[in-house]
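Peer 1: Could you look at this predicted model? Sequence included:
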2 protein chains.
Amino acid sequence: MIEDVKEYLLNLQKDICSQFEKEDGKATFIEDNWKRQNQNNSSGISKIMTNGKVFEKAGVNFSLITGDNLPTSATNLRLNLKGYSFSALGISLVVHPNNPYVPISHANIRFFIAKKNNENPIWWFGGGYDLTPCYGFDEDCKHWHNTAKNACQDFGDDVYPKYKKWCDDYFYLKHRNEQRGIGGLFFDDLNESGYNNCFSFVKNVGNSYLKAYLPIVQKRKNILFGENEKQFQLYRRGRYVEFNLIYDRGTLFGLQTNGRTESILMSLPPLVKFEYMRKIYNNEEQKLYDHYLKPRDWTCTT
Amino acid sequence: MIEDVKEYLLNLQKDICSQFEKEDGKATFIEDNWKRQNQNNSSGISKIMTNGKVFEKAGVNFSLITGDNLPTSATNLRLNLKGYSFSALGISLVVHPNNPYVPISHANIRFFIAKKNNENPIWWFGGGYDLTPCYGFDEDCKHWHNTAKNACQDFGDDVYPKYKKWCDDYFYLKHRNEQRGIGGLFFDDLNESGYNNCFSFVKNVGNSYLKAYLPIVQKRKNILFGENEKQFQLYRRGRYVEFNLIYDRGTLFGLQTNGRTESILMSLPPLVKFEYMRKIYNNEEQKLYDHYLKPRDWTCTT
């Protein structure tokens, strides 16, 4: 199972990076192969693009970790797996565009196997993707969520709504009473209906990410913007930092497993502004808070 | 007891802010009086200076929180106080200077009282201060630590070494295997030898902060610097963000008690750069990691 998933993820990583390079037209990804041995064995391939024309920073990580003791952040439900040995592999990406009108995007796919003594191994998938605009567009939100919905459709009508809600619940900054973005899909502990079925679903999600994101990039990357829009973007990126360092389980899992810090924190924005009691300067900024950062059904046709 | 401490802290806040304004010569503090009622009652006075000549951002917070249920982050040792009602008051400040040659400084003094039913209330103090340079100077480190040591001296020879070590242990970024800065003092759960004695000690610490910091500011604020030094400062500020959001108990306590987010996160730097695998560009940068970010005894005379 691990080899299958690994092959898929490495191909997905390649595909996403080459599409991003094509889209950017200027910068290319650098690649770091790394390996660490301590209480856990981990290795990975980190790919990062910086100072592109379109992408100010884009990181696409693959990692494979094995250890003797599954950290609690690995799973949402399986709190009975303490003391299990485990293998975890995944791909995780975050894109911070230059243009404030192009939203930040994040995607992740992960696979876990946990074992103890002679018991049967327990496996599960997790993953999803979500979008974080500074300046929103209804049609982009609809496209993003409809693409996510289509990716889920073959697996039952209840799948998209369930994972959409999970995404809204997860990407929430409690201390701000604010969503991180407009959501998407989030799932965890997935092992219903057998491995093949789950893996198919996960591949559907993985393969739909570029279809969801690239059209939005293409539509917004040439919108003219000035210093005010850039300042708002730098400020809003602060929320991304707050979420990732305070709440994000993937970040926590990485740090708890003595992961490679530089790869884990690749998700942080290149430049960020923290401002006390920042005013809302115009209707576009206000609309982000009132309209886009409230969970809503973006797939209805009206 | 609460009224005594409150009076002292409010005076200290005033004093520190007026000295900072004098030192800066351009910017002044704005003041926000705030009050919140939810599961905890909290109020405070937040003072913040931004875009000064010397201080890019300086925040000096006073807050007073009462609640029915002491959060675990309130105390290091007293894990048996779950379910106690509590009052907590404190002052917390962080200074982010413009000039990369002027170190960031942080100071905090806090006082807790916890009560349950008819039991005697339990009280304790915590606090300290620490310094975070980008570019270090041995004489500054010596001055900082000698001032801290002097503040402790009347209370026994073992006080400074104990709280100095505690500070080194606390301000440590495990995921980087790196100290946050050159340390100073950190103490918690202090209630030995009676309230009067503890309060005297705490006042000594509070009153020594400006003596420790201002001479360093004055000595370094006019050093010429260029874009390279500013870039290194923006990068190093990232470590401050990582520490405060991942490890800092004060931040966690604030967020757990539904505190005022804007005041809690006033500690974050105004502008920050996160960079993947940043190179070390020169000997001065290298010296920060090799010489200053290693715990050492700065009070010896050699």
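Peer 2: That came through, no problem.

Peer 1: Strands along chain A, start to end?
Peer 2: Ranges of strands within chain A are A:30-37, A:40-50, A:55-67, A:85-97, A:104-115, A:122-132, A:172-173, A:178-179, A:183-190, A:271-273, based on DSSP state E.

Peer 1: all helices of the stretch 151-300 of chain A, in order?
Peer 2: With DSSP state H, counting those that start in this stretch as the criterion, the stretch 151-300 of chain A has helices at A:159-170, A:195-220, A:227-246, A:249-256, A:261-264, A:283-287.

Peer 1: could you dump the ones you listed to CSV with mean neighbour count?
Peer 2: In this view, the C-beta of every residue, glycine as well, is placed from N, C-alpha and C. CSV is the format used below for the helices of the stretch 151-300 of chain A (neighbours: other CB atoms under 10 Å in any protein chain shown):
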stretch, mean neighbour count
helix A:159-170, 19
helix A:195-220, 18
helix A:227-246, 20
helix A:249-256, 20
helix A:261-264, 20
helix A:283-287, 14
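
Peer 1: So for residue A:178, which of those sits nearest?
Peer 2: Each of those has some distance to residue A:178 by CB to CB; the shortest is helix A:227-246, at 7.1 Å.

Peer 1: Let me see the contact set for the closest residue in space to residue A:142 that isn't next to it in sequence.
Peer 2: Ranked by CB to CB, 6 or more residues apart in numbering or on different chains and with sequence neighbours excluded, the top spatial neighbour of residue A:142 is residue A:298, at 5.2 Å. Residue A:298 makes contact with A:138, A:141, A:142, A:144, A:145, A:146, A:182 under the criterion CB atoms under 8 Å, 6 or more residues apart in numbering or on different chains.

Peer 1: So what's the residue count around the fifth one?
Peer 2: Here the count is done by other CB atoms under 10 Å in any protein chain shown, and residue A:145 has 24 residues near it.

Peer 1: same thing with the last one?
Peer 2: Applying other CB under 10 Å, we find 26 other residues in the vicinity of residue A:182.

Peer 1: just the residues of the stretch 201-302 of chain A that are near chain B, which are they?
Peer 2: Within the stretch 201-302 of chain A, the positions adjacent to chain B are A:234, A:238, A:241-242, A:245-246, A:255, A:261-262, A:264-266, A:268-277 by CB under 8 Å from any CB of the partner chain.

Peer 1: From residue A:108, how far out is the residue lying closest to residue A:138 once chain neighbours are set aside?
Peer 2: Leaving aside its chain neighbours, residue A:138 sits nearest to residue A:298 (7.9 Å; criterion: CB to CB, 6+ apart). Distance from residue A:298 to residue A:108, counting by CB to CB, to the nearest Å: 20 Å.

Peer 1: Using PDB, write down the CA coordinates of the lowest-mean-pLDDT helix or strand in chain A.
Peer 2: For chain A, the helix or strand with the lowest mean confidence is helix A:249-256, at a mean of 85 (criterion: mean pLDDT, DSSP states H and E). Taking only C-alpha atoms (Å, rounded to 0.1, in the frame of the first residue of the first chain), the coordinates of helix A:249-256 have been written out as PDB:
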ATOM      1  CA  ARG A 249      -2.300  19.700  13.200                       C
ATOM      2  CA  GLY A 250       0.000  19.000  10.300                       C
ATOM      3  CA  THR A 251       2.500  21.600  11.500                       C
ATOM      4  CA  LEU A 252       2.200  20.200  15.100                       C
ATOM      5  CA  PHE A 253       2.600  16.700  13.800                       C
ATOM      6  CA  GLY A 254       5.800  17.700  11.900                       C
ATOM      7  CA  LEU A 255       7.300  19.400  14.900                       C
ATOM      8  CA  GLN A 256       6.300  16.600  17.300                       C
END
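
Peer 1: for that helix, packing partners?
Peer 2: Packing partners of helix A:249-256 (3 or more CB pairs under 8 Å, 6 or more residues apart in numbering or on different chains; DSSP states H and E): helix A:261-264.

Peer 1: Need the residues that contact the helix it packs on.
Peer 2: For helix A:261-264, contacts defined as CB under 8 Å, 6+ apart pick out A:32, A:34, A:44, A:46, A:59, A:61, A:63, A:250-251, A:254-255, B:175-176, B:276-277.

Peer 1: gap between that helix and the chain center?
Peer 2: Centre-to-centre, helix A:261-264 and its host chain are 15 Å apart (CA atoms, centre = their mean, to the nearest Å).

Peer 1: Return it as CSV; C-alpha atoms alone will do.
Peer 2: Extracted C-alpha coordinates of helix A:261-264, given in CSV (Å, rounded to 0.1, in the frame of the first residue of the first chain):
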residue,chain,number,x,y,z
THR,A,261,11.6,22.4,10.3
GLU,A,262,12.5,24.2,7.1
SER,A,263,10.1,22.0,5.2
ILE,A,264,7.3,22.2,7.8
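
Peer 1: Now that helix: average pLDDT?
Peer 2: Across helix A:261-264, pLDDT averages out at 95.

Peer 1: Likewise for stretch A:166-180?
Peer 2: 97.

Peer 1: For that stretch, measure first residue to last.
Peer 2: End-to-end span of stretch A:166-180 (CA to CA, to the nearest Å): 13 Å.

Peer 1: next one: stretch A:178-189
Peer 2: Termini of stretch A:178-189 sit 25 Å apart (CA to CA).

Peer 1: And the contacts of stretch A:111-124?
Peer 2: By CB under 8 Å, 6+ apart, stretch A:111-124 touches A:1-2, A:5, A:70, A:74-75, A:78, A:81, A:83-90, A:125-126, A:188-191, A:195, A:202.

Peer 1: PyMOL command for the buried members of the contacts of residue A:298?
Peer 2: Here is the PyMOL command that selects the buried residues among the contacts of residue A:298 (16 or more other CB atoms under 10 Å in any protein chain shown):
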select buried, chain A and resi 141+144+145+146+182
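
Peer 1: Low-confidence bits of the stretch 51-200 of chain A, can you list those?
Peer 2: A:75-79 (pLDDT under 70).

Peer 1: and it, which residues reach chain B?
Peer 2: Counting by CB under 8 Å from any CB, the stretch 51-200 of chain A comes close to chain B at A:57, A:59, A:174, A:175, A:176.

Peer 1: now the residue of the stretch 1-150 of chain A found nearest chain B: how far from residue A:70?
Peer 2: The nearest approach of the stretch 1-150 of chain A to chain B comes at residue A:48, 5.1 Å away (CB to the nearest CB). Distance from residue A:48 to residue A:70, counting by CB to CB: 28 Å.
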